[in-house]
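Asker: below: sequence and its predicted model.
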Amino acid sequence: MEKTKEQELGILDGYYNNGKNQIVILYGHIKTGSETVLNTFANDKNYVYYCACSGSERLQQYIWAKDIKTEGIELDEIPDYTDIFKAYEEKAVSDNKPLVVFIDHFEEIIKNSPDFLEKISKVVYSDKHPQIMVVLIGYNSAWIENNMVEKIGKQASYISGFLKLKPYSFQEMRRRYIKMSDKDVIRTYAVFGGKANLWEYFDPEKTFKENVCEKFLDVRNSVLLRMTNSTLQENLRETAVYNTILFGLANGKNKLNDIHHATNFSRAKIMVYLKSLIELGLVEKVYSFATTGHENVQKGVYRIIDPLAEFFYRFLYQNLSRIVKLQPEDFYDQYIDKNLDEFVENSFKLVCREYIVKLSQYGKLPFEIEEEGEWVGKFGTINIIAQSETGDTLVALTSWKKKLDIDAIDFLRNCSKRARVNPDYYYLFSAEGFDDALVKMAEETPQIKLVGLDDLMNG
């Protein structure tokens, strides 16, 4: 298990091992490969599991009661949530050992029953039974982080803790695709990100192009094209509007006014749909690293954060008829290859950002990172900016498409002035390498670090 996953498992075990009754919210990248953490945690525990449905409160209670009755426990046909948990309490007492109650898709309950936590807490926090640990499993990270507390109000005090499962790291993908070329692994990461459950669709013995042609572009076997399209349709109810906005975002229309002109939708309508896309975890509003140079920050920028969705809307959505007409290799050459580097650029930045963070975690940076992010300026972007608790500052530039020269240092210095930060260290990342003059400057200047593709892949 990857180190990050071991840490997440350790946190869950810590909650359980303290012996207290509690309600813990587990959310994030669960059905993307990280369910291993959950399965490992449950492996040696006495537990029950319920997957909530999308329905009314009455229907939810009916289905849940029916599920519990299969365990031989008597309940009313439509019991209150308090009665459902009294049934679990009886089980814990009967078994005479701690009980873990997993409730999957708990958002579906909270949205229709905002007093749910208050009702179950009357039983969970009672001293009449062995330890009961309730694990509420959620997938809508944006809603959990931004809207849930407002929905439940004072009931938030019943929650013992939150654990957000992170996506798998790029380095984990590198280990799984050991036979694939370095650049093809990064291209694959640009399509799948840290969703490890999708990685298995690509054959590590084949090139990126071969995998895309087989899994996306072969109309007889294009499992990923069908799966991506159907998944998006399931999550987006008014598909015409969402598709139009996502297509615009994937093709460079990243500000509200740009989307308005590209779609002819009203700005108010676009904002409503962008909010829904953010809650679904498909889109994010870009926020710059906090500096005093806020007047030079580019505001109101949106982007797709689900890599598979961005790949679909960037290359496939508007060309579905051509996928049918053309041979996979011909389609790839005409509609993907020429714009692929631009698409991969952002993911390369994320790979470099992960590298910086891991250097800090392993004590290989000049300072320990307290806060990190990016600074998106009106006239240039600092791809990575990181600071220590005492203000030590690192800035970085990443380049997937071209070799970097001394101008890259000047660019970073100019951006830093606009951001009003005084960098102590400059890190330059390039998949294409560095010219001799920049290499010489870095050799003579300890504050400048050059990280090439080999360093990045084997770091």
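Answerer: Perfect, I can see it now. Residues are numbered from 1 along each chain as shown.
Asker: test my guess that Asp435 contacts Leu404.
Answerer: Yes. With contact defined as CB atoms under 8 Å, Asp435 counts as touching Leu404 (7.2 Å). The way it works is simple: take the backbone N, C-alpha and C, and place the C-beta from them, glycine included.
Asker: can you pull out the strands in this protein?
Answerer: Assigned by DSSP state E, the chain shows strands spanning 22-28, 47-51, 99-104, 132-138, 161-165, 283-285, 302-304, 371-377, 380-387, 393-399, 425-430, 448-452.
Asker: to Pro79, which of those lies closest?
Answerer: Nearest to Pro79 among the strands of the chain is strand 47-51; the distance by CB to CB comes to 13.0 Å.
Asker: buried sites along the closest one?
Answerer: Buried positions in strand 47-51, judged by neighbour count with 16 or more other CB atoms under 10 Å: 48, 50.
Asker: between it and strand 132-138, how many degrees?
Answerer: Calculated by axes from the mean of the first three to the mean of the last three CA atoms, to 10 degrees, strand 47-51 forms an angle of 30 degrees with strand 132-138.
Asker: strand 47-51 vs strand 99-104, what angle?
Answerer: For strand 47-51 against strand 99-104, the angle by the same axes, to 10 degrees is 20 degrees.
Asker: what does strand 47-51 rub up against?
Answerer: Strand 47-51 is contacted by residues 64, 67, 71, 88, 91, 99-105 when judged by CB atoms under 8 Å, 6 or more residues apart in numbering.
Asker: ok now that strand, how far from the chain's centre?
Answerer: The chain centre lies 25 Å from the centre of strand 47-51; the measure is CA atoms, centre = their mean, to the nearest Å.
Asker: again with stretch 80-96
Answerer: 35 Å.
Asker: again with stretch 303-315
Answerer: For stretch 303-315, the distance to the chain centre is 13 Å (CA atoms, centre = their mean).
Asker: now do the buried residues in that stretch.
Answerer: For stretch 303-315, the neighbour count (16+ other CB under 10 Å) marks 304-315 as buried.
Asker: redo the strands of the chain as CSV? Include distance to Tyr335 and mean pLDDT.
Answerer: Shown next, in CSV, are those (distance: least, CB to CB, whole Å; pLDDT from 0 to 100):
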stretch, distance to Tyr335, mean pLDDT
strand 22-28, 33, 94
strand 47-51, 39, 95
strand 99-104, 39, 96
strand 132-138, 37, 96
strand 161-165, 35, 93
strand 283-285, 23, 91
strand 302-304, 18, 94
strand 371-377, 29, 93
strand 380-387, 27, 95
strand 393-399, 24, 97
strand 425-430, 27, 98
strand 448-452, 30, 97
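Asker: of the ones you listed, which is nearest Asn346?
Answerer: Of all the strands of the chain, strand 302-304 sits nearest to Asn346, with 8.0 Å by CB to CB.
Asker: re earlier: most widely separated two among the buried residues of stretch 303-315?
Answerer: Every pair of the buried residues of stretch 303-315 checked by CB to CB; the farthest is Ile305 and Phe315, at 17.2 Å.
Asker: Asp435 and Leu404: who's more crowded?
Answerer: Each of Asp435 and Leu404 has its neighbours counted (other CB atoms under 10 Å); Leu404 has more, 22 against 15.
Asker: contacting residues for the more buried one?
Answerer: 397, 428, 430, 432-435, 438, 450.
Asker: check the gap between it and Ala156 for me.
Answerer: From Leu404 across to Ala156, the span is 48 Å (CB to CB, to the nearest Å).
Asker: for Ile406, same thing?
Answerer: For Ile406 relative to Ala156 (CB to CB), the value is 53 Å.
Asker: which regions of the protein lie under the pLDDT threshold?
Answerer: In the predicted model of the chain, residues 1, 235, 459 satisfy pLDDT under 70.
Asker: just to revisit the earlier point, which among the contacts of Leu404 end up buried?
Answerer: 397, 428, 430, 434, 438, 450.
Asker: got a list of what the residue nearest to Pro167 when sequence neighbours are not counted touches?
Answerer: Nearest residue to Pro167, sequence neighbours excluded (CB to CB, 6 or more residues apart in numbering): Gly194, at 2.5 Å. Neighbouring residues of Gly194 by CB under 8 Å, 6+ apart: 29, 32-33, 166-170, 172-173.
Asker: do the same with Lys86
Answerer: Contact analysis of Lys86 by CB under 8 Å, 6+ apart lists Val123.
Asker: check contacts around the closest residue to Ile178 other than its chain neighbours.
Answerer: The shortest distance from Ile178 to any non-neighbouring residue, by CB to CB, 6+ apart, is to Pro204 (7.0 Å). The contact partners of Pro204, by CB under 8 Å, 6+ apart, come to 176-180.
Asker: from these, which ones fall inside helices?
Answerer: Cross-referencing the contacts of Pro204 against helices under DSSP state H gives Arg176.
Asker: next, count neighbours for Gly72.
Answerer: When counting by other CB under 10 Å, one arrives at 7 neighbours for Gly72.
Asker: quick one: it from Ala87, how far?
Answerer: Distance, Gly72 to Ala87, using CB to CB: 11 Å.
Asker: what does Val301 give?
Answerer: In this view, Val301 and Ala87 are 50 Å apart by CB to CB.
Asker: those two: who's more crowded?
Answerer: The neighbour count for Val301 versus Ala87, taken as other CB under 10 Å, is higher for Ala87 (19 against 16).
Asker: the more buried one and Trp64, how far apart?
Answerer: 10 Å.
Asker: overlap of the contact sets of the two?
Answerer: Joint contacts of Ala87 and Trp64 (CB under 8 Å, 6+ apart) are Pro79.
Asker: quick check: Thr161 touching Gly14?
Answerer: No, residue 161 isn't Thr; it's Gly. No. Between Gly161 and Gly14 there is no contact under CB under 8 Å: 9.3 Å.
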